[in-house]
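# Sequence and predicted structure below; questions after.
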Amino acid sequence: MIQNIANNIQAFTSNVFLVTGETTALIDTGANFDVISRIEEYTEHIDRVYLTHTHADHIENVPSVRGAFDVETWGYDTTQDVVDHAIQDEETLPIGDETYMALHTPGHKPDHLCLYAADVGVCFAGDLIFANGSFGRTDLEGGNRKTLIQSINRLADTVTDDLTAIYTGHGPAITSHPQEDINMAAQAAQMQ
Ligand SMILES: [Zn+2]
């Protein structure tokens, strides 16, 4: 089961996805709200925390989550204090009851990852793309529009027609024709 536990939070935070199952995992921790009590509404333990990238709105709750659940974190860049374990490009990872593949997708930030499970057609896209053809900003430190476009194109080439849902770092999940939103984002990022 996948749920955005930052839903309805009015704060500067990313979405935070709790995925329960054999490996109960948190995708990003969010910021500026009490994520612990939200998690505890659903589970008393977390096996792993995965970080799509290390912008403040995705990671500021890492210390409190570590402290409350005695859990370690996985991300691309272990030089970041919030990342305990490195994820390599195309490494497979247990999340919920599925196996996801990590895709290194820089452009918004150099350490950005997407997580994709072909078997169930689910992708966690971080801040690479958003609903309706929106895409991650590239004007922050380490951002690069050309690299972002390459990453969006890589995601488009990787997902199959069975893709059913993209869970993005901000805004609503994309559950209707998600491949079209990826292609729209690639086009929009090229034009703007
Ligand atoms: Zn970001």
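Received the coordinates, thanks. Numbering: from 1, shown residues only.
# Quick one: residues contacting the nearest residue to residue 89 once chain neighbours are set aside.
Closest residue to residue 89 apart from its sequence neighbours, by C-beta to C-beta, 6 or more residues apart in numbering: residue 104 at 3.9 Å. C-beta coordinates here come from the backbone N, C-alpha and C atoms, glycine included. Neighbour list for residue 104: 76, 89, 112-113 [criterion: C-beta atoms under 8 Å, 6 or more residues apart in numbering].
# Tell me the bridge partners for the residue nearest the centre of the chain.
Centroid-nearest residue in the chain, with C-alpha atoms, centre = their mean: residue 126, separated by 3.4 Å. Beta-bridge partners for residue 126, by DSSP bridges, are residue 168.
# what's the distance between it and residue 6?
Residue 126 sits 14 Å away from residue 6, going by C-beta to C-beta, to the nearest Å.
# Ok, residue 127 next?
14 Å.
# more crowded one of these two?
Set residue 127 next to residue 6 and count neighbours by other C-beta atoms under 10 Å: residue 127 wins out with 28 against 24.
# what residues are up against that one?
14, 52-53, 55, 58, 108-109, 112, 136-137, 168-170.
# residue boundaries of the helices in the protein?
Here the chain has its helices, by DSSP state H, at 35-40, 56-59, 62-69, 145-158, 178-191.
# Get me the contact residues on this protein for the ion.
55, 127 (C-beta under 5 Å from the ion).
# what's near enough to touch the residue of the chain found nearest the ion?
At 3.4 Å from the ion, residue 55 is the closest residue in the chain, using C-beta to the ion. Taking C-beta under 8 Å, 6+ apart, we find residue 55 in contact with 14, 109, 127, 140.
# still on that earlier bit, type out the PyMOL command that picks the buried ones from the contacts of residue 104.
Buried residues within the contacts of residue 104, by 16 or more other C-beta atoms under 10 Å, are selected in PyMOL with:
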select buried, resi 76+112+113
